[in-house]
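A.B. asks: Got a predicted structure here, sequence first:
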Amino acid sequence: MSGEKPRLEPASNGQHVFYLHRRLYSPRDPRGGAVRRAQAAGTVRPQTLVIVPSPLLGYGLEELLQNCPADAVVLAVELDPQLAELTRSAAVSSELSGDPRLIWMLAPGDKDLDALLPRILAKRPRRTQLVALSGGFGLRASQYRHLVQRFEDEIRIFWQNAMTRVRMGRLWIRNLFRNLALLPGSVPLQALATDLPTVVVAAGPSLDDHIHQLSSLYGEKRRHLRIISVDTAVPALSAHNIRPDIVVAVESQQANAADFLADLPAIPHLICDLTAYPGTTRTFARHQLLSFVSSRFAPSALLDRLRERNVLPEGVPPLGSVGVLAVYLARRLTSGPVYFTGLDFTYDLERTHARGAPMHTLSLIRRNRLDPSPFFGMALNRPLVTPADKSGRKTRSDTVLLSYAEQLREVVRTTTGVYDLSPESGLPNGAPPATRIRTDKGHSSPAAAPATQEAAIADPAAAPATQEAAQADPAAAPATQEAAQADRAAPGAASTKDGVGSAREVHEILDAEVLRLGELVTELRAALHRAGTAPGVSGEDYETVLPQLESCDYVYLDFPDPPSHSRAFLGRVLLSALSYQQKLDDIRTLLSRL
């Protein structure tokens, strides 16, 4: 901000701080003014992240900490490098630094903030509170407010993910174990790399406006284009005789099975998360090509062990939206431009998906004379928000879809060559609009300009071939079943070097997990027996069982409460471990028959 250095001058109660022609403490009582501000903040609520901008000499921090409960976190942050040096020399070395609730963050960079976030989130904060103890806040007020917003977003995402783990964590782990058996026959993601332009098709309502541009392409243009579809968009594409080259699926439940009811022959390749619904993955393992990716959906010793053994497939960020993951994978798999459509993250009170998608079809089936719009009531039950769309108009969305839109913006922000084919629909995503799909080979910078529906249809440039055209022109589809078998048989196509484990390794992993669970069950039973009717096990017994608890942390991944020595928590862990033992025995039996 300036090369000027802050200047200190003695006062009757503390020291004055002069910087950028300003006095940053009370002119009459520097220390007392900061103390009064701290006291004015009142008693801090439990599990609060208190952000103290520009702490300067640390005045008022002691009084603020006295009003904070043990589970609060006080983050003293200074964004100005000159003032950060002052704070580092004058306050950080004080006795306050010994308080475990106090964290200093002085002149941080983006990497420093990213490294600090896990430490703060480990305290499980539920809210933020801004307490300015000095005038230094006013020097960078907008930046401090942006930082507060960043922490609020991270806290919201943390608890959103925590609630999702409570609901889905057990299913994720069970699916992961079941899908391990399919890893040896899967194809590494790197084998799908290409230089073709790629279109990602999601199932948002805006797909209806652009699906004709896709269906109008055939022959040579289709030969030089790859289409990646999310699972929910497959029926909509099939209704227009569009055959995607790759389908992406991440759903862990059976809910999306309807996406594949009539379209399996039209899907040459499936990419799915290792936690995807096993019924879908096994079907594709038998009939088509299958590739896995692995998202780190939660910190877990199990995932660490699989990663160390080089068994996990290629890692991807934990993106909750299958559409965002498809864009991320498309960018990873091609050196050409990536276009996307149908990623709206908004809806009206009539439908959330494009025509032909299973949800839209279901709403049509459920219509009757007394209930002509079944989705209307479902939409009103959602936690509706009304953000502005790409055109600045108010639209309908919800908190989950807002988080998906943020994920897409982050993917777009950190890469290049990603273009939006639906520039007038949905939430802003940061991608430049494209008037048409360019299929000329080697092209990497398509014309980008605000496109209208009419322009898009009038100027088609690339889209999938119909199923009949694909059959007549095999080169139009990158992978046929015969080519898939050839790729699978290629040397190194399924090697552990590529992150795909062998059948023997999978057997060994499952056997080792059964042994770990057995050790945990034995230690838990002994500790609970010694505890008798006490509310918790002794500290010594808890220390004894702690290594097994941490090693098998996935057995309580879906618990809402953190690990503790209480009898209630450990009893639930015991029941969960016994359940996992039975599941792993069943999976080992199934694997031995394959």
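C.D. replies: All right, it came through fine. Since this is a predicted model, take the numbers as computed values, not measurements. Numbers count the residues shown, from 1 in each chain.
A.B. asks: Just name the shakiest helix or strand of this structure by mean pLDDT.
C.D. replies: The helix or strand of the chain with the poorest confidence is helix 453-458; it has a mean of 30 (mean pLDDT, DSSP states H and E).
A.B. asks: and the residue lying closest to R588 once chain neighbours are set aside, what is it in contact with?
C.D. replies: Leaving aside its chain neighbours, R588 sits nearest to L510 (5.2 Å; criterion: CB to CB, 6 or more residues apart in numbering). The C-beta positions use only the backbone N, C-alpha and C, and glycine is treated the same way. By CB atoms under 8 Å, 6 or more residues apart in numbering, the contact list for L510 reads F177, L180, L584, I587, R588, L591.
A.B. asks: Can I take it that L510 is in a strand?
C.D. replies: No. Counting by DSSP: H, G, I helix; E, B strand; the rest coil, L510 is located in no strand; its state is helix.
A.B. asks: now it: how far from R178?
C.D. replies: In this structure, L510 and R178 are 10 Å apart, going by CB to CB, to the nearest Å.
A.B. asks: The lengthiest helix in the chain: which residues count as buried?
C.D. replies: In the chain, assigned by DSSP state H, the helix with the most residues is helix 141-180. Residues of helix 141-180 classed as buried: 144, 147-148, 151, 154-155, 158, 161, 164-165, 168-170, 172-180 (neighbour count, 16 or more other CB atoms under 10 Å).
A.B. asks: tell me how far it is from the chain's mean position?
C.D. replies: Taking CA atoms, centre = their mean, to the nearest Å, one finds helix 141-180 lying 7 Å from the centre of the chain it belongs to.
A.B. asks: Can you name the element that comes right after it?
C.D. replies: strand 198-201 (DSSP states H and E).
A.B. asks: Listing partners with orientation, what would you give for that following strand?
C.D. replies: Here strand 198-201 is paired, per DSSP bridges, with strand 226-230 (parallel), strand 338-341 (parallel).
A.B. asks: Of all the ones you listed, which one is nearest V545?
C.D. replies: strand 226-230 (43.1 Å; CB to CB).
A.B. asks: Now do that closest one, average pLDDT.
C.D. replies: The average pLDDT within strand 226-230 is 92.
A.B. asks: show me what contacts the residue lying closest to G60 once chain neighbours are set aside?
C.D. replies: Leaving aside its sequence neighbours, G60 sits nearest to A34 (CB to CB, 6+ apart; 3.4 Å). Listed by CB under 8 Å, 6+ apart, the contact partners of A34 are Y25, S26, Y59, G60, L133, S134.
A.B. asks: what's the closest of these to R119?
C.D. replies: Closest approach between these and R119, by CB to CB: L133, at 22.3 Å.
A.B. asks: Identify the residue nearest S26 in space, chain neighbours excluded?
C.D. replies: Nearest to S26 is G33, by CB to CB, 6+ apart, at 2.9 Å.
A.B. asks: Is there a neighbour count for the one you found? I'd like the number.
C.D. replies: Neighbour count of G33, defined by other CB atoms under 10 Å: 20.
A.B. asks: ok so it is a helix residue?
C.D. replies: Yes. Per three-state DSSP, G33 lies within a helix segment.
A.B. asks: and it, how far is that from L139?
C.D. replies: Distance from G33 to L139, counting by CB to CB: 17 Å.
A.B. asks: Mutual contacts of L510 and R178, please.
C.D. replies: Common neighbours of L510 and R178, counting by CB under 8 Å, 6+ apart, are I587.
A.B. asks: Show the contacting residues for N67.
C.D. replies: With CB under 8 Å, 6+ apart, N67 has these contacts: A38, Q39, A41, G42, T43, V44.
A.B. asks: Nearest residue to the fifth one in space, ignoring adjacent ones along the chain?
C.D. replies: Here the nearest residue to T43 in space, its sequence neighbours aside, is N67; by CB to CB, 6+ apart that works out to 5.2 Å.
A.B. asks: What values do phi and psi take at the one you found?
C.D. replies: Per-residue torsions, N67: phi -90, psi 10 (degrees, to the nearest 10).
A.B. asks: returning to what we had before: ok, so of the contacts of L510, who is nearest V50?
C.D. replies: Closest approach to V50 among the contacts of L510 (CB to CB): F177, at 41.9 Å.
A.B. asks: Report pLDDT for the closest one.
C.D. replies: Per-residue confidence (pLDDT) for F177: 93.
A.B. asks: contacting residues for it?
C.D. replies: Here F177 is in contact with L510, E513, K583, L584, I587 (criterion: CB under 8 Å, 6+ apart).
A.B. asks: go again using 7 Å as the cut-off
C.D. replies: Contacts for F177 were tallied using CB atoms under 7 Å, 6 or more residues apart in numbering; they are K583, L584, I587.
A.B. asks: Need the mean per-residue confidence for stretch 193-202.
C.D. replies: Across stretch 193-202, pLDDT averages out at 93.
A.B. asks: What of stretch 573-583?
C.D. replies: 95.
A.B. asks: Quick check: L57 vs L192, distance?
C.D. replies: Counting by CB to CB - L57 and L192 are separated by 58 Å.
A.B. asks: One more: A301?
C.D. replies: Applying CB to CB to A301 and L192 gives a distance of 31 Å.
A.B. asks: of the contacts of A34, buried ones?
C.D. replies: Y25, S26, Y59, G60, L133, S134.
A.B. asks: from those, which is closest to F284?
C.D. replies: Among these, L133 lies closest to F284 (CB to CB), at 59.1 Å.
A.B. asks: helix/strand/coil for the closest one?
C.D. replies: State at L133, reduced to three classes by three-state DSSP: coil.
A.B. asks: need the contact list for it.
C.D. replies: Per CB under 7 Å, 6+ apart, neighbours of L133: A34, R37, A38, V52, P55, Y59, G60.
A.B. asks: can we see that at 10 Å?
C.D. replies: When contacts are counted by CB atoms under 10 Å, 6 or more residues apart in numbering, L133 touches 25, 33-38, 41, 52-61, 63-64, 76.
A.B. asks: Equivalent analysis for F284, please.
C.D. replies: By CB under 10 Å, 6+ apart, the contact set of F284 is 182, 186, 247, 249, 260, 264, 267-272, 276, 290-291.
A.B. asks: Buried subset of these as a PyMOL selection?
C.D. replies: Buried subset of these, written as a PyMOL selection, criterion 16+ other CB under 10 Å:
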select buried, resi 182+186+247+249+260+267+268+269+270+271+272+276+290+291
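A.B. asks: Which of the contacts of F284 sits closest to S238?
C.D. replies: Nearest to S238, judged by CB to CB, of those is I267 at 9.3 Å.
A.B. asks: Give me the pLDDT for the closest one.
C.D. replies: Per-residue pLDDT puts I267 at 74.
A.B. asks: you'd agree it is up against S229?
C.D. replies: Yes. Contact criterion CB atoms under 10 Å: I267 and S229 qualify, at 8.4 Å.
A.B. asks: Give me the common contacts of the two.
C.D. replies: Common neighbours of I267 and S229 (CB under 10 Å, 6+ apart) are L237, S238, R243, P244, D245, I246, V247, A249, D259.
A.B. asks: Name the nearest residue to K5, sequence neighbours excluded.
C.D. replies: Of all residues not flanking K5 in the chain, Q82 sits nearest, at 5.6 Å (CB to CB, 6+ apart).
A.B. asks: Neighbours of that neighbour, how many?
C.D. replies: Counted with other CB under 10 Å, Q82 comes out at 16.
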